[in-house]
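Peer 1: sequence isn't available, so here's the structure alone:
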DNA sequence: ACACAGGGCTAAATCGATTGAGCGTTTTAT
DNA sequence: ATAAAACGCTCAATCGATTTAGCCCTGTGT
């Protein structure tokens, strides 16, 4: 039960495989194949439901119509949602997606790239880990389109689609301040990746703009590798010792652990401790109290990523596109202080 | 910047590509290649960091070391988590994963299968939509291993890994009854797929076992295609009209919409309306009140799926494996009635 | 009548790896 | 001594599609 090949069509049409290939690739005119023959081939091809063998085609042309998607964690709400949009959009252009999660581990990332390379994916969508500069440069050398997302590498000139992390964090922090919170902290990752740095910067900017007193205790950093228990334990300990009245969580899973921690301390979110998180989640929307957050335009992100990649695939250009989308602040109950909550 | 090919190695070693191929495929002994030559080839191969071109290999052997993963919705918490485990496990065996979401739409599913077929994936992991019997049979005909998950097709003899939906639903419902809820309803999908049917059956069995009065109003069915607004609207309307005191939501997204609906009616979950949902979610764990649910063993599911697939890939057998894993009831606050809640 | 220009199509090489058949030499068996 | 087997390796076909070079035919211009 083998598939239908170009030879089968050739045989039935009484022509050579070459001719069939030309016609099916829309080169009939260019290669001066008569209309009669063209039509006949097309008819037979659709009758036999011919679908080209992508392996053979890929071997010959070097194009596999496959994209590699390397995210931090496909099980993370944000990445899973982007992945879905990417898959949908890619499909519209006839591309399939191979994916992998890095767990923010450079070794895993390198491994994934290696595998994808030998599967000849045509283009890459990458949520880079640090120390990936060399690998990205290498892909550029071999002219494989790459679009970074969520974050980019400052020392590498490449396409990227990100959100305005600085502004998002600035707005969120300002919002906390305007709501009257005084002792505001930020809980972020230990990573010095650009998206985290920018969120940190946005936070600091708002902090200083309003003249809040800064000391290193305002910032709590946690390593990605920590598990659930480790995270909640650390956050709980931090909150207990530092007695802040509001926290800005720099990414979604930190926010989730944060909720657990705050609650385990018997504190009321909003009333006792204000809270904003970068990134939205069903949980934040439906939590009681609901959690104010900086929401990323997921659809738009996915669309633009594929967009840029397709442009690059079809007409390689030498200038990198840097798309910075605006996130929106979703104000919810977690930033309402007691007085307001009672109303 | 082409990759290193077997020819490059052959040239450097002063042997033919055939010999190189034999050695690299571990057939040195079998094909009587001398140790000297073998070692030399191996050394050169690792020096050049040779990685076989999977396209060429796939074209020749028909094996691509790629699995196709077809789920209902990769953005859904449950499927995304399984996908991650599957990816991890597959990787351990040198396989990559191509994925796609069906949206429970048979046409989309057919399209995905078509594409995966022409990419020659070696094995399939499928969350089947209905009317997929023919497609699955076809894959069996061409001896492509298939493992169904989450649900199976009663009329098709194939491998599958599912949870004990009946027992899960039975336990959940019994739990509601034991907690003293009297007017219990089930909100499920319109689909008559086996997993839903079993959950329905488990619900009914517990219902009848305890002699609760049954009438068709106990069941509310909603089509998958409905969007968020549609779902909450329908659920809200149903809850308002039927005045039940507890609801069993047959799948995770229904539970999420359910929470929204119950709250929009100003009812207290647990106190006014008890609630259990099939499938766990961060949201259920952290919601206030937290939501009792039937939790699926995601790690185990993913591991077993790949397990079965690998067995089949390595030693095709004629008997189908049917793995039914046990879910666990996570008792939380949403099934505590007022009296207990106050304590 | 003869060169030249399309027009319409095909042969064969190619991508990189795998594999059945086989070739020349040496060793073993009879 | 001679056939058979063992060795150690290679040739060439193959997977299916693409693509370069080019063949043969008809028609046009001079």
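Peer 2: Looks like it came in fine. Not measured: the values here are computed from a predicted model.
Peer 1: where does pLDDT dip in chain A?
Peer 2: A:1-2, A:338-343 (pLDDT under 70).
Peer 1: sketch out the strands for it, chain order is fine.
Peer 2: A:66-71, A:96-101, A:123-126, A:146-149, A:159-163, A:184-189, A:219-222, A:246-249, A:274-278, A:292-295, A:322-325, A:328-330 (DSSP state E).
Peer 1: please identify which of those strands is closest to residue B:114.
Peer 2: Closest approach to residue B:114 among these is made by strand A:96-101 (11.3 Å; C-beta to C-beta). Quick note: C-beta positions are derived from backbone N, CA and C, even for glycine.
Peer 1: does that closest one come close to chain B?
Peer 2: Yes. On the criterion C-beta under 8 Å from any C-beta of the partner chain, strand A:96-101 is in touch with chain B at A:96, A:97, A:98, A:99, A:100, A:101.
Peer 1: circling back to that earlier point, just send the strands of chain A back as JSON lines, with mean neighbour count and distance to DNA strand D too.
Peer 2: Shown next, in JSON lines, are the strands of chain A (neighbours: other C-beta atoms under 10 Å in any protein chain shown; distance: least, C-beta to the nearest atom of the strand, whole Å):
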{"stretch": "strand A:66-71", "mean neighbour count": "25", "distance to DNA strand D": "15"}
{"stretch": "strand A:96-101", "mean neighbour count": "24", "distance to DNA strand D": "16"}
{"stretch": "strand A:123-126", "mean neighbour count": "26", "distance to DNA strand D": "18"}
{"stretch": "strand A:146-149", "mean neighbour count": "26", "distance to DNA strand D": "23"}
{"stretch": "strand A:159-163", "mean neighbour count": "23", "distance to DNA strand D": "25"}
{"stretch": "strand A:184-189", "mean neighbour count": "23", "distance to DNA strand D": "45"}
{"stretch": "strand A:219-222", "mean neighbour count": "18", "distance to DNA strand D": "50"}
{"stretch": "strand A:246-249", "mean neighbour count": "29", "distance to DNA strand D": "50"}
{"stretch": "strand A:274-278", "mean neighbour count": "29", "distance to DNA strand D": "45"}
{"stretch": "strand A:292-295", "mean neighbour count": "25", "distance to DNA strand D": "43"}
{"stretch": "strand A:322-325", "mean neighbour count": "14", "distance to DNA strand D": "31"}
{"stretch": "strand A:328-330", "mean neighbour count": "16", "distance to DNA strand D": "44"}
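Peer 1: among those strands, which comes closest to DNA strand C?
Peer 2: Closest to DNA strand C of the strands of chain A, according to C-beta to the nearest atom of the strand: strand A:66-71, at 16.4 Å.
Peer 1: among the residues of strand A:96-101 next to chain B, find me the one that's closest to residue B:322.
Peer 2: Closest to residue B:322, out of all of the residues of strand A:96-101 next to chain B and judged by C-beta to C-beta, is residue A:99, at 28.7 Å.
Peer 1: check contacts around the nearest residue to the closest one once chain neighbours are set aside.
Peer 2: If the residues on either side of it in the chain are set aside, residue A:99 comes closest to residue A:69, at 4.3 Å by C-beta to C-beta, 6 or more residues apart in numbering or on different chains. Applying C-beta atoms under 8 Å, 6 or more residues apart in numbering or on different chains to residue A:69 gives the contacts A:83, A:86, A:97, A:98, A:99, A:100, A:124, A:125.
Peer 1: okay, residue A:69 and residue A:125: tell me how far apart.
Peer 2: 5 Å (C-beta to C-beta, to the nearest Å).
Peer 1: what residues are shared contacts of these two?
Peer 2: The contact sets of residue A:69 and residue A:125 overlap at residue A:86 (C-beta under 8 Å, 6+ apart).
Peer 1: just the helices in the stretch 1-150 of chain A please.
Peer 2: Taking DSSP state H, counting those that start in this stretch as the criterion, the stretch 1-150 of chain A carries its helices at A:6-13, A:17-24, A:35-47, A:54-61, A:77-92, A:106-118, A:133-141.
Peer 1: and the two most separated of the residues of strand A:96-101 next to chain B?
Peer 2: A:96 and A:101, at 17.9 Å, using C-beta to C-beta across those.
Peer 1: in the stretch 151-300 of chain A, which spans are helices?
Peer 2: Under DSSP H, counting those that start in this stretch, the stretch 151-300 of chain A gives helices at A:165-178, A:194-209, A:228-242, A:252-264, A:282-286, A:298-314.
Peer 1: angle of the fourth one against helix A:77-92?
Peer 2: To tie it back to what came earlier, the one meant is helix A:252-264. Angle, helix A:252-264 to helix A:77-92, by axes from the mean of the first three to the mean of the last three C-alpha atoms, to 10 degrees: 150 degrees.
Peer 1: packing partners for helix A:252-264?
Peer 2: Contacts defined by 3 or more C-beta pairs under 8 Å, 6 or more residues apart in numbering or on different chains; DSSP states H and E place helix A:252-264 against strand A:184-189, helix A:228-242, strand A:246-249, strand A:274-278, helix A:282-286, helix B:282-286.
Peer 1: any idea which of those gets closest to residue B:92?
Peer 2: Using C-beta to C-beta, the nearest of the helices and strands packed on helix A:252-264 to residue B:92 is helix A:228-242, at 23.6 Å.
Peer 1: can you pull the contacts of residue A:59?
Peer 2: Contacts of residue A:59 by C-beta under 8 Å, 6+ apart are B:53, B:55, B:56, B:59.
Peer 1: ok, now how distant is the last one from residue A:54?
Peer 2: When distances are taken as C-beta to C-beta, residue B:59 and residue A:54 turn out to be 10 Å apart.
Peer 1: so which of the contacts of residue A:59 reach DNA strand D?
Peer 2: B:56, B:59 (C-beta under 7 Å from any atom of the strand).
Peer 1: near chain B, which residues of the stretch 1-150 of chain A? Just list them.
Peer 2: Residues of the stretch 1-150 of chain A lying near chain B (C-beta under 8 Å from any C-beta): A:1, A:3, A:51-56, A:58-59, A:64, A:66, A:73-75, A:77, A:80-81, A:83-84, A:87, A:91, A:96-101, A:114-120, A:141-142.
Peer 1: isn't residue A:4 up against residue A:48?
Peer 2: Yes. Using C-beta atoms under 8 Å, residue A:4 is in contact with residue A:48, at 4.6 Å.
Peer 1: and the stretch 101-250 of chain A, which residues reach DNA strand D?
Peer 2: Going by C-beta under 7 Å from any atom of the strand, none of the residues of the stretch 101-250 of chain A are near DNA strand D.
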